[in-house]
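Asks: Build the 3D model from these lines:
(one chain, ligands or ions: 2)
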Amino acid sequence: MIPPHLSPNDSIIDDWWLVLPAAGMGRRMGADQPKQHLKVDQRTLVEVTLSRFIGLPGLKGAVLALAPNDELTPKLLASFSAFPLHFTAGGATRSDSVLAALNYLSGQLAVDWQHWVLVHDAARPCVRPADVHKLLEAVRGSNAGGLLAVPVRDTLKQADERNRVSMTVPRDGVFHALTPQAFRLGALADAMDRAHQDGVTLTDESSAMEHVGMKPLLVKGHADNLKITHPDDLPLARLILQAQSAIQAATQSAWIGDKLTPE
Ligand SMILES: Nc1ccn([C@@H]2O[C@H](COP(=O)(O)OP(=O)(O)OP(=O)(O)O)[C@@H](O)[C@H]2O)c(=O)n1
Ligand SMILES: C[C@](O)(CO)[C@H](O)COP(=O)(O)O
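Replies: Ligands and ions are numbered 1, 2, ... in the order given. Purely as a prediction, here's the structure:
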């Protein structure tokens, strides 16, 4: 739902496209199907994740990168047919899949290179729409873009080769990188191309921008935006989604996240 003070045409937010890399195999999950097809509530992971973005101001449409043999995801998302949804073949790595979706945006859809693109893991179904909006507001006017992130909470230890503590790592200013990550289409596509040519392994989009000398903005999100990676993460995500719905209902909050946790 849209927050009461914003309409879908609200002018404070630029137009943007959503890219959902959803072509992974979910090897660490160890299920008999890719994790994006597993049920989170009544719906599958990919449905829940997409639903977190629908109705946000400025959103023009979404491109999903899918595994080449994935015929199920478009069927699962049939109920979103009123929304401009596009599919393209992903690649061998997450960054190959993201780059394929960016090329689809600039090629098949002729989206302007100055447009904002938000890249979000299909495997992060608990992202708060309020945090997405906060990210969009924060990066507006910048060329370097930015990403949701949370400061590390625990004391960090460096292990030696026998798993003994070799040192305590200073954690001041250290963040976990989350998604979405927001960049201008052309700048991100160029940076990812360059990183691939230079043989740099990219685990997120910010790394590509960093590789070409940019300094993306870290925008504080929430730790409940977890990525479903291991089997234990799925029941945890279910609990988080239930808690978010309960708090939303109790506070009559029009938008998930508004009243969940004060800064
Ligand atoms: N070749 C790939 C690999 C990953 N992803 C997507 O990137 C997101 C984050 O990746 P990760 O959690 O590593 O997913 P998997 O690759 O599916 O998991 P694993 O590494 O355990 O196999 C997921 O939404 C996943 O579908 C993708 O689009 N293309
Ligand atoms: C993009 C990402 O979700 C940021 O935390 C992450 O890098 C995805 O890949 P990973 O292989 O699980 O680190």
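Asks: Any residues of the stretch 1-150 of the chain in contact with ligand 1? List them.
Replies: Contact residues, the stretch 1-150 of the chain versus ligand 1 (C-beta under 6 Å from any ligand atom): 21-29, 35-36, 65, 90-94, 97, 121-123. In this view, the C-beta of every residue, glycine as well, is placed from N, C-alpha and C.
Asks: tally of neighbours for the closest residue to L202 other than its chain neighbours?
Replies: Computed as C-beta to C-beta, 6 or more residues apart in numbering, the closest residue to L202 that is not its neighbour in sequence is S95, at 4.0 Å. When neighbours are counted by other C-beta atoms under 10 Å, S95 registers 22.
Asks: Then S95 would be within a helix, right?
Replies: Yes. The assignment for S95 by DSSP: H, G, I helix; E, B strand; the rest coil puts it in a helix.
Asks: Tell me which residues touch it, please.
Replies: Residues near S95 by C-beta atoms under 8 Å, 6 or more residues apart in numbering: M192, A195, H196, L202, T203, A208.
Asks: same thing but at 10 Å, please
Replies: Contacts of S95 were listed using C-beta atoms under 10 Å, 6 or more residues apart in numbering, and they are 21, 119, 192, 195-196, 200-205, 207-208.
Asks: From the residues of the stretch 1-150 of the chain next to ligand 1, list the buried ones, please.
Replies: For those, a neighbour count by 16 or more other C-beta atoms under 10 Å gives the buried set as 21-24, 26, 29, 35-36, 65, 90-91, 93-94, 97, 121-123.
Asks: quick revisit: out of the contacts of S95, which are close to ligand 2?
Replies: Within the contacts of S95, those near ligand 2 by C-beta under 6 Å from any ligand atom are T203, D204.
Asks: State whether L217 and L147 are indeed in contact, as I suppose.
Replies: Yes. Counting by C-beta atoms under 10 Å, L217 touches L147, with 7.6 Å between them.
Asks: Comparing those two, which residue is more hemmed in?
Replies: L147 (26 against 15).
Asks: now the more buried one, which residues is it bridged with?
Replies: Per DSSP bridges, the residues bridged to L147 are Q181, L218.
Asks: Would you quantify the distance from it to T179?
Replies: With the distance defined as C-beta to C-beta, to the nearest Å, L147 ends up 7 Å from T179.
Asks: And for R153?
Replies: Separation of R153 from T179 (C-beta to C-beta) stands at 19 Å.
Asks: Those two - which one has more neighbours?
Replies: Set R153 next to T179 and count neighbours by other C-beta under 10 Å: T179 wins out with 27 against 9.
Asks: Phi and psi next, for the more buried one.
Replies: phi -130, psi 160 (degrees, to the nearest 10).
Asks: nearest residue to it other than its sequence neighbours?
Replies: Going by C-beta to C-beta, 6+ apart, T179 has H120 as its nearest residue, at 4.5 Å.
Asks: Equivalent analysis for L45, please.
Replies: Q36 (4.9 Å).
Asks: Let me know whether the one you found touches A22 as I believe.
Replies: Yes. Using C-beta under 10 Å, Q36 is in contact with A22, at 5.0 Å.
Asks: which residues of the protein score low on pLDDT?
Replies: Residue ranges of the chain with pLDDT under 70: 1-12, 252-263.
Asks: Figure out how far the longest helix along it is from the centre of its chain.
Replies: Ranked by residue count and defined by DSSP state H, the top helix of the chain is helix 233-251. What separates the centre of helix 233-251 from the centre of its chain is 19 Å, taken as C-alpha atoms, centre = their mean, to the nearest Å.
Asks: Quick one: list the elements packing against that helix.
Replies: helix 45-51 (3 or more C-beta pairs under 10 Å, 6 or more residues apart in numbering; DSSP states H and E).
Asks: where do the strands sit along the stretch 151-263 of the chain?
Replies: Taking DSSP state E, counting those that start in this stretch as the test, the strands found in the stretch 151-263 of the chain are 156-159, 165-169, 175-184, 217-220.
Asks: Compare these and report which one is nearest to L72.
Replies: strand 175-184 (22.6 Å; C-beta to C-beta).
Asks: Could you pull out the buried residues of that closest one?
Replies: Neighbour-count burial for strand 175-184 [16+ other C-beta under 10 Å]: F175, A177, L178, T179, P180, Q181, A182, F183, R184.
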